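# show me how the following folds:
(2 chains)
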Amino acid sequence: MTEETPNEPFDEVEYRRRQRSRANLMAWMLGALAILFFFITIAKMQIFS
Amino acid sequence: MAQSLTHGETALPADWRDLFALTKPRVMSLVVFTALCGLLAAPGHVPPVLAFSSILAIALGAGASGALNQWYEAGLDAKMKRTAGRPLPAGRLDPQTALQFGVGLAAFSLFLMLFASNWQATLLLAASILFYVFVYTMWLKPRTPQNIVIGGAAGAFPPLIGWVAATGSIAPLPVLLFLLIFLWTPPHFWALALFMRSDYAAAGIPMMPVVAGEKSTRRQILVYALIMAVAAIAPWPLGYTGALYGWTAVVLSAVFVLLSVQVGTRTTGEGDLMQPEKRLFAYSIAYLFILFGAVVADHWWPL
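So this is what the prediction gives:
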């Protein structure tokens, strides 16, 4: 599926941009999940109490 | 052969927009909506955060199914105009990343469902993902023109999962809603297949118009539309919904059948613009959205 293109110059700016945008997105998603899991736990505790 | 964004041994990280596109967001919107309606129409109260988390889990499960479907069908997608621009056939994403993303998302959706809801809903979500990927995508779709008929079951799961997430058990109404989407799928996709016939033929996918011909497909669209209309109206006389849903189902289903009669009884010549088929396809999407909205409205504000 992949074709190597070793003669093309490596676009380090694009590489870093994508790396940074994915890292930022991952950080936001992990933060949101932590908050979501906290509230799920609280809701479950209220149901079972 | 698609060219990927690789430079020697170093591959560019996938752009998040391509990963998002892999989840088929437009299909996901219908999945989320029908699942939400199943959940909201269920008896009892679900804390909003648990309801939100259950719907999120269903959405992620649907996204995982879409990603794994695109991973498996990358070769076929490259042959069809409609799908050639997707991240995998266009070479913007490498297959390994797509596979890992799909499997990871599926596992996480099941974990989230189990954590936020119950094991019954988790089991149904797992069954729907496995059914879509293994039974529909890998087994039925490339082999039989009945692929849409049986494979439609995968798309029919969301309202059932939504209901079970809220109640922990299955009841007749969500089963009827399952049946409604199951019977809605063939006329919906065959209308699309009629005006996308050349695309499917080029990819070698045995869709009904390609294998059985237009005339047979049109007749079957009409037959399924009639059975679907009966299934759509059934919850009212059976006493599972009230008049608000009932009359909505009667009027919308009558229009659906009328549009299907137009499609089912016509013959086309060279250069036909396929307007009735496109109209039926567009209407079928609105039909499902409004009908499921009516299920919830009927539950919350009965006449």
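# correct me, but B:Lys81 touches B:Tyr200?
No: B:Lys81 lies out of contact with B:Tyr200 (C-beta atoms under 8 Å); the separation is 10.9 Å. C-beta here means a position set from N, CA and C on the backbone, and glycine is covered the same way.
# between those two, which has more neighbouring residues?
Neighbour count, other C-beta atoms under 10 Å in any protein chain shown: between B:Lys81 and B:Tyr200, B:Tyr200 has more, with 22 against 11.
# mind pulling up the pLDDT for the residue nearest to that one when sequence neighbours are not counted?
Take B:Tyr200 and drop its neighbours on the chain: the residue closest to it by C-beta to C-beta, 6 or more residues apart in numbering or on different chains is B:Met207, 4.3 Å away. According to the prediction, B:Met207 has pLDDT 84.
# chain B: strands as residue ranges?
B:6-7, B:10-11 (DSSP state E).
# ok, chain A next?
Counting by DSSP E, chain A contains no strands.
# look up how far B:Lys24 lies from the residue nearest in space to the middle of it.
Nearest to the geometric centre of chain A sits A:Met26, at 1.9 Å (C-alpha atoms, centre = their mean). Distance, A:Met26 to B:Lys24, using C-beta to C-beta, to the nearest Å: 22 Å.
# equivalent analysis for A:Tyr15, please.
28 Å.
# with B:Asp298 instead?
From B:Asp298 to B:Lys24 the distance is 30 Å (C-beta to C-beta).
# between those two, who's got more neighbours?
Legend: neighbour count by other C-beta under 10 Å for B:Asp298 and B:Lys24, higher for B:Asp298 (23 against 18).
# returning to what we had before: list phi and psi for the residue nearest to B:Tyr200.
Main-chain dihedrals, B:Met207, degrees, to the nearest 10: phi -70, psi 160.
# residue contacts, it?
B:145, B:147-148, B:189-190, B:193, B:197, B:200 (C-beta atoms under 8 Å, 6 or more residues apart in numbering or on different chains).
# again, but for B:Ala294
Shown in contact with B:Ala294 (C-beta under 8 Å, 6+ apart): B:244-245, B:248-249.
# one step back: which one of the contacts of B:Met207 is nearest B:Thr267?
Comparing the contacts of B:Met207 against B:Thr267 with C-beta to C-beta picks out B:Arg197 as the nearest, at 14.3 Å.
# my read is that the closest one contacts B:Ala212, right?
No: assessed by C-beta under 8 Å, B:Arg197 is found out of contact with B:Ala212, at 11.5 Å.
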